[in-house]
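Peer 1: pasted the sequence and its predicted model underneath.
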Amino acid sequence: MGKILDDIRKAAGDRQRSVQWYRNKIKDLGARVSSRRLINQGALSRQPSVGKLNFFFYDPKLKNILPYYDRFPLVLPIGSASGGFLGINFHYLPIALRVQLLEALDGKNLSAADYNSLKRISLIKPTIKHYLTGHVRSGFLRIDEEDFLPACLLPVQQFKKASSAAVWSDSRRIAS
């Protein structure tokens, strides 16, 4: 099996396709799409890639008091923070809002993006998370810009203590 995102890009013929086309292609892949397969298929780095999306496994320090959390975030780092970094975790938004957030970020210099330059985007608020380096449980799988859309559409979020629907409902409320 080739890399999941490579398979999707090849099927697209290196052309931009509609969101629905990507969703159908991901659905066709079915059981071949999983967090473990994504991590095992790529070259991992020790640090998150700034200006890129990053998949990684995470075990939060405060998981016992958090109402819910994502064990396999898809994060765009936007700055350093005490003991780690701040990032936008796209998984906290339902698919349609992930796409809207990608569109809102289009054209911005993501390598230089920080919270202050992005905070006016209402969809950002529920996605900002503080990740502690000591609680990262894998290397970081970098997702380059041409694969941002298919990566955001992959159903690999791993919420604990709440369903995806409950998390997304809270995020919609926070973003409005």
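Peer 2: It's in.
Peer 1: quick check, residue 167 in a helix?
Peer 2: Yes: Residue 167 forms part of a helix when assessed by DSSP: H, G, I helix; E, B strand; the rest coil.
Peer 1: hey, C-alpha coordinates of the helix or strand that contains residue 102 in CSV?
Peer 2: For residue 102, the enclosing helix or strand under DSSP states H and E is helix 95-105. As requested, C-alpha coordinates have been extracted for helix 95-105 and formatted as CSV (Å, rounded to 0.1, in the frame of the first residue of the first chain):
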residue,chain,number,x,y,z
ILE,A,95,-15.6,18.7,8.3
ALA,A,96,-17.4,21.6,6.7
LEU,A,97,-16.0,24.1,9.2
ARG,A,98,-12.5,22.6,8.8
VAL,A,99,-12.8,23.5,5.1
GLN,A,100,-14.0,27.0,5.9
LEU,A,101,-11.0,27.5,8.3
LEU,A,102,-8.6,26.3,5.5
GLU,A,103,-10.2,28.8,3.2
ALA,A,104,-9.9,31.6,5.8
LEU,A,105,-6.2,30.7,6.2
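Peer 1: need the contact partners of it.
Peer 2: 19, 23, 76, 88, 90, 93, 113, 118, 121, 123-124, 127, 148-149, 152-153, 168, 171-172, 175 (C-beta atoms under 8 Å, 6 or more residues apart in numbering). (Glycine included, C-beta is placed from N, CA and C.)
Peer 1: 10 Å instead?
Peer 2: 19, 22-23, 53, 74, 76, 88, 90-94, 113, 118, 120-124, 126-127, 145, 148-149, 151-155, 168, 171-172, 175 (C-beta atoms under 10 Å, 6 or more residues apart in numbering).
Peer 1: now these: which count as buried?
Peer 2: 19, 22, 53, 74, 76, 88, 90-94, 113, 118, 121, 123-124, 126-127, 148-149, 151-154, 168, 171, 175 (16 or more other C-beta atoms under 10 Å).
Peer 1: I appreciate the help and will end here.
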